[in-house]
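Visitor: quick one, structure for this:
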Amino acid sequence: MFVEWKFRNKHIFFYDGDKNESSPNSNFSSAYIVPDALLTGKASLMMDKSDAVPGNYTCEVTELTGEGKTTVELRYIAALWFSANDHALIIIFSMLAVLLFWGSDITVILKYNSNIMKEKIIIISVAGLVLSILVIVGAVFFIPGEYSKKRTSGLGLIVVSTVILILLQISMFMIAPAIGMSSFSITILILQVLGFVLSVVGLRLCVSECIPVHGSLLISGLGITALVALLGLVYIFVASDGEIIDYLLHSLHVVLQAMVALPQGVVFQVEEAEPGIQLIDEGGDVKGPGVVSSSHTVDRQPRQFTSKN
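Guide: Purely as a prediction, here's the structure:
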């Protein structure tokens, strides 16, 4: 079997099946075929993008039983790596996570400035500045467009920055006396790790293919990270403000007291008696004297009286 590829009627690649040797043209030095694929009837020519020139390519296959010829056209079409909506969601979620971190950082500084060392505040703030720079640089590299190494690097910076966000969240929980590593804090950290794992897996799948088939997985991970950052901010703000908790407990106590003091109804059911005559047989002798006694029977129709206190 012999396979020959031509570009604009000029020889660019030749494969000798008897000798299992390939001879590409110097202008298409990266061109090659997969010999095992020839057994299934596939003689596809593969090469680097830098050597792939748009135009018509002709393939001629010669065998002992016959020969075949086909022509294909190579064209380049500018296609976005991520759609406009997906690109916007990635940038929004990453920026939102950074803003929520700064909200948590400012809350900790204002409420615990007298209880923690200033060195810890400076370290967290510097780390937050590094986080912000990484996300901003990643967003600049990750501009809308087709797949490229530059955009891949930008998206990688955005995803990797979530690791710093997790470490900063742990630090803020540890330095806040009213929070610490409670069960809710641990839950928040577990959710953040889950978001990071989803982002890394989504990034790996998107980078391995020019078309981000699994882009939704990446976006879901970044969305979880931003949502958990919001929960962390709310938890730090509420848990650190004892006055708010005391006010809520006092309000609940007042509501319960008001419910107990509500008027309650008491219903009495009275059965009215009516006169009647009853025959009593004393001694059991039918020939003996009998005693007739007057008494009362009961009226079975109920009467109700309602009293409110």
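
Visitor: close enough to count as contact, Leu134 and Leu165?
Guide: No - Leu134 is beyond contact range of Leu165, at 10.0 Å (criterion: Cβ atoms under 8 Å). C-beta here means a position set from N, CA and C on the backbone, and glycine is covered the same way.

Visitor: and those two? Which one has more around it.
Guide: Set side by side, Leu134 and Leu165 show more neighbours around Leu165, with 26 against 19, by other Cβ atoms under 10 Å.

Visitor: counting contacts, what elements does the host helix or strand of the more buried one pack onto?
Guide: In this structure, Leu165 is located in helix 149-175 according to DSSP states H and E. In terms of contacts (3 or more Cβ pairs under 8 Å, 6 or more residues apart in numbering; DSSP states H and E), helix 149-175 is packed against helix 84-112, helix 118-141, helix 183-208, helix 215-239.

Visitor: that helix to helix 84-112, inter-axis angle?
Guide: Comparing the axes of helix 149-175 and helix 84-112 via axes from the mean of the first three to the mean of the last three Cα atoms, to 10 degrees yields an angle of 30 degrees.

Visitor: show me which residues of helix 149-175 are buried.
Guide: In terms of neighbour count (16 or more other Cβ atoms under 10 Å), helix 149-175 has its buried residues at 151-152, 154-162, 164-166, 168-169, 171-173, 175.

Visitor: average pLDDT across it?
Guide: Computed over helix 149-175, the mean pLDDT rounds to 86.

Visitor: return the distance of it from the chain's centre.
Guide: Per Cα atoms, centre = their mean, to the nearest Å, the displacement of helix 149-175 from the mean C-alpha position of its chain is 16 Å.

Visitor: what angle sits between that helix and helix 215-239?
Guide: Interaxial angle, helix 149-175 versus helix 215-239 (the same axes, to 10 degrees): 20 degrees.

Visitor: show me what contacts the most centrally placed residue in the chain?
Guide: The centroid of the chain falls nearest to Ile224 when counting by Cα atoms, centre = their mean (3.6 Å). Shown here is Ile224, whose contacts under the criterion Cβ atoms under 8 Å, 6 or more residues apart in numbering are Leu191, Gln192, Leu194, Gly195, Leu198.

Visitor: make a PyMOL selection of the buried ones in these.
Guide: The command below creates a PyMOL selection of those among those that count as buried (16+ other Cβ under 10 Å):
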select buried, resi 191+192+195+198
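
Visitor: out of the contacts of Ile224, the closest to Phe2 would be?
Guide: The shortest approach to Phe2 among the contacts of Ile224 belongs to Leu198, at 50.1 Å (Cβ to Cβ).
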